[in-house]
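Asks: After the sequence you'll find the predicted model.
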Amino acid sequence: MSGGAYIPPNQHRHMRACMVCSIVRTEQQFKQHGCPNCDAFLELANNSEAIQECTSQVFDGLITVSDTSRSWVARWQRLEGYVPGVYAVQVEGVLPEEAIAAAENAGVHYQPRDGTVNEALPTDS
Amino acid sequence: MSGYGSESEGEGFNPEPEQEVSDTEEQAAVPTVEPNEDEEPSRGGDSEEEEDDEEEESDEEDDVRPHKRRKKVRRNMFIDAEAEVDEDDDEEEEENDEAVEEVHPDDLLEPTGADLDDRHHRELDIQRQVQSHKDAEELAKEYDEKYRRREAQSARRAAYGAMPNTQPTVEDPSIWGVKCRPGKEREVIMAIQKRLDDMVRSGQRPKLYSAFERGGTMTGYIYVEADAKQDMLSVIENIPNVFMGQPQIAIEVKERADLLRKRRRTPLEEGKFVRMIRPTTYKGDLAKVVEVHANGLDCTVQIVPRLDYGLNEDANAANDNKRKRPAFGRNKEIPPQKLFSETEAKKRHMKHLSQVGSGNQRAFHYKGEDYQNGFLIKEVKVNWVTSENVNPRMEEMQFFAVTAADGTETLDLVAVQAAQKAAQSGSSFVNGDNVEIYHGEQKGLRGTTVTVTGDIVTLRVTEGELMGRRIDAPVRTLRKLFREGDHVKVIGGSRYIDEVGLVTKIKDDKVTLLCDSTQIEITVFSKDLKRAADSAMLGTDSEYELFDIVQIDAATVGCVTKVDREVLRVLDQQGNLRTLLHTQVSGIVGKSRNAVATDRDGSEIRTEDTVKEHGGENRQGTVKFIHRGVLFVHNRELVENAGIFVVRSTNVVTMAAKSGRTQAAGPDLSGMNPAVQQQNGGAPMAPPPRQQFGRDKLIGKTVTIRKGPYKGLLGIVKDTMNDEARIELHTKNKQVSVKKELLSVKDPITGNSMPFGAGSFASRPRGGGYAGAATPSYNGSRTPAWGTQSRNGPSWGGATPAGGGGGRTPGWGGGGGRTPGWGGDGGRTAYGDGSRTAYGGDGSRTAYGGDASRTAYGGATAYGGNDGSGTAYGGFNSGGRTPAWSSSANNNPSKSNLSAPTPGAYNAPTPAGYSAPTPGAYGAYSAPTPGGPPMDAPTPGNYSAPTPGDTAGRYQTGGYGAYTAPTPAAAPTPGAWAETPGEDEDPRYD
């Protein structure tokens, strides 16, 4: 993380997005540092299997956020409280049950970011 | 950030029951928006600015001021209570974790006054606990955990949707759309990120809050969020691929949310058809989903492989591991779709091939990919395929047809349905259709459609309680309502399109109907049906008709024996029945009226003739088409292949010719004879060929053999028969039989080729006697011809030999085997040539060019006429006909002489001849002639027979070089000229 969230173009094909917070990093970075927002419960660092399961190579739309509280985009994307960096607009993939449970236990309500939930409406459950 | 991460690693995450409680409390509190204002209390005063920001954001709907005030009050109060405890924590967090600063966990707590009290109590408890049981470190740790937990809660709250995604307001930063190079959006975003990183590192606070791209949907734009345009511009300036030249577009508030709209990916289902996107080799190909992996990211698809099995491999390529990248912009040729073939793979890539399954499970592993039953089974990412707009075409679906146990191939209707589901829109419904809702809560409702808007159909209920009501229903829950016994027509969706039939069974939206045309039961979707009053009209849209001759590939043609909607049945020239898609047929072959074949008796067969197989089944029929000795014969009494069968023309006997042509008279080759064709300007029909009589002039001649095992040997012709000559070799006392055309006649003394002999034809030798005469004709004739003619050129080449014979030709021609041609020749030559040449007819023609060349000959001949005036004429003809010559040549030299002269003689006198001298003609001649004069000069001397021969020889060799050579020959001409009335023309020649 010391070098910031910049990912050079030659690494773009290794980019993955966390299915929970949608942060985009390379597989290598996930492995080294885990997910800066979700590692408390996803425990991605040094866990290739978890990285495979909980992050996705299939995502769409890159966002770079420098100020997650001021930015409306960040709010809209439910990125408030997350670290500044690069995020994805939409992340495909299904988070494994265990990961969802872990997230719930950690008090994080997992809401898929793959467009299956209409974000314009509040969900009631 | 890393600090944060490591910390969490070290400490682990350990929820405590006590906090669980707070959790629930909070959940209860969540629905109210108010509490947001209570967040700030725990915050250090340094973050005031941020607080303000947050405040603005969170209470958009409320008035800002009062809150602030209230908050401040509360905070002060709160800080009093909690400050002691939280001190270290705050510091720690501020040091380590920006995130914590930005959304402080406490932000989300303390919803109500009651709650607040509660919390206070609890916190007091903790405090006591701490004081009594824990040292400071532990305390710090605990609080750290606590705050982390709260942070998570905040995230959870956001994710939870408790705060409905806040529509942007004017209070929010603005967003601008900035043009960038299409396809580089991600790079641009990353470049911006880099710049932001740098700014943060150097201690600046970026004024640009966020930037994003929607590559797939909004290509060529990135969007930047900032308070002021200048803030944004200062950051994105000079980033590569950003087009700063074009003005940035401010995005209106209400449109902003749309920019971030997520597109729901249509979920993949097993058995569904999709189109490939990613591996470029398979781009656009139809694939069938075999399996969707649990993570929703990968799926296994079945594709028809595109393999070349190494056929296009560069065998000499260095065997290093470097992948060669194909040159930019040049895409490699993609092999066609074809099911995996074990044998093909074995040919070159045995080492890459291994069989995986056993028994009838045809599974192979080839070059790192798996193949099953001929299909490539490939695991791909879901974004490598698309399930939108799949619209599988019939020929693609063919591969995926399921072969049933009885060998009949049927398409998996369910799969087709799945594939077409995406494409299904309201368009298949028309106003007034009777429909039924067959799926969902309103199942069973029936009505008539009123309007169709996109995928929503409005229907008026016609039965039941809701009668008369209008209901909207999505298309996919509707089926068209038919009843058994309805007469329906298939209007789309399957290969049965346009089939008409009677509904026999209805299940859900699948309707089985009995086709009128084929009496086969087919099952289609009701949406693809419409009620029909008309009867079946099949294949009307096909561009092919029954009995059309179609080109299958470059070497194969076939006759259409059945036209189906999707396929043609074609009987090809080998007699094989093929089933081809319309697209596999390259086109209709035009029927050639002139196609001719010969039957086993040598009779000519044309289309529409009735022929009978000789032997075999003795089938009989009329010839539909002739293709290279293969006949497509039609007999309406035969059942198979619509009565078409294929036979070789040599296996049939002509029964009756269409127009009552005489049979067995041999093929009419007159059409091939250029002479005949050229002269068909009213020249009298040639007399029938003369029989050759008298002794063959070749006998007794000294000849050399030009070809074959005896090549180069000298000999004397002892006897001739047909086209062969018995030759007694000089070298050894032996007689051999050699084709006459392989002989060159030599002067026994000088060894020079003799004119006639010089010609490639044995026949010429006879003319040889006349050679002298011929020669002149040669020169004369050619020169002009050459000069003038362009098109004759070729004929010349041909003619040249003839020319050599030119003199002879006539004589020769006379001899021409092709009698008809001959007659023509003689006749024409004489007349035409004679007349022209002699009288300047040549001249006139010369002008024409093509003729001129010949004329020239004629002219020559005429003069040569002295020698054998006839010959000269012949020369003419031959010039034109040269080809004819070559073939017939050997026959009747003598005749030619006879015949030739006569006409020539006549011709000369002919008035036409006189007229010929027309001044214009002269002029014309004169031009080409120039070569002529020299010719004249030499001529006299050259008179001798051999000379001409030489000339001839040259002709053959040099072709035109002949010109010069002929000169000697020309010599005679002058003489001739002098005598001939055509004298005037002489100059022309010259």
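Replies: Yep, that arrived.

Asks: just for chain A, where's the confidence low?
Replies: A:1-3, A:117-125 (pLDDT under 70).

Asks: near chain B at all, the helix ranked longest in chain A?
Replies: If you go by DSSP state H, chain A has its longest helix at helix A:97-105. Yes: using C-beta under 8 Å from any C-beta of the partner chain, helix A:97-105 reaches chain B at A:N105. No exception for glycine: its C-beta is placed from N, CA and C like everyone else's.

Asks: Counting by contacts, list what that helix packs against.
Replies: The contact analysis (3 or more C-beta pairs under 8 Å, 6 or more residues apart in numbering or on different chains; DSSP states H and E) places helix A:97-105 against helix A:39-42, helix A:48-54.

Asks: Minimum distance to chain A, which residue of the stretch 301-450 of chain B gives it?
Replies: For the stretch 301-450 of chain B, the residue closest to chain A is B:N383, as judged by C-beta to the nearest C-beta, at 4.6 Å.

Asks: I'd like the distance between that residue and A:V58.
Replies: 5 Å (C-beta to C-beta, to the nearest Å).

Asks: Check B:D308 too.
Replies: Counting by C-beta to C-beta, the gap from B:D308 to A:V58 is 30 Å.

Asks: So which of those two has more stuff around it?
Replies: A:V58 (21 against 15; other C-beta atoms under 10 Å in any protein chain shown).

Asks: Check which strands are paired with the helix or strand B:C559 falls within and give the direction for each one.
Replies: Element membership of B:C559 [criterion: DSSP states H and E] is strand B:556-563. Strand pairing for strand B:556-563, determined by DSSP bridges: strand B:549-553 (antiparallel), strand B:567-572 (antiparallel).

Asks: State the distance from B:E463 to B:F547.
Replies: From B:E463 to B:F547 the distance is 52 Å (C-beta to C-beta).

Asks: ditto for B:R593
Replies: 16 Å.

Asks: Tell me which of the two has more neighbours.
Replies: Applying other C-beta under 10 Å to B:R593 and B:F547 shows that B:F547 carries more neighbours, namely 17 against 9.

Asks: That one falls within a helix, correct?
Replies: No: using DSSP: H, G, I helix; E, B strand; the rest coil, the assignment for B:F547 is coil, not a helix.

Asks: ranges for the strands of chain A?
Replies: Secondary structure of chain A (DSSP state E): strands at A:15-18, A:24-26, A:55-56, A:59-65, A:85-91.

Asks: Confirm for me that A:N37 is in contact with A:E80.
Replies: No: counting by C-beta atoms under 8 Å, A:N37 stays clear of A:E80, with 10.8 Å between them.

Asks: ok, so what distance separates the residue in chain A that chain B sits nearest to from B:R195?
Replies: Nearest residue of chain A to chain B: A:G4, at 2.7 Å (C-beta to the nearest C-beta). From A:G4 across to B:R195, the span is 10 Å (C-beta to C-beta).

Asks: Could you check which of these two has the larger neighbour count?
Replies: B:R195 (23 against 19).

Asks: And what about that one, helix, strand or coil?
Replies: Looking at B:R195 with three-state DSSP, the answer is helix.

Asks: what helix or strand does the nearest residue to it once chain neighbours are set aside sit in?
Replies: Excluding the flanking residues, the one nearest B:R195 by C-beta to C-beta, 6 or more residues apart in numbering or on different chains is B:V235, at 5.8 Å. Following DSSP H and E, one finds B:V235 within helix B:229-236.

Asks: so how many other residues sit close to B:D231?
Replies: 18.
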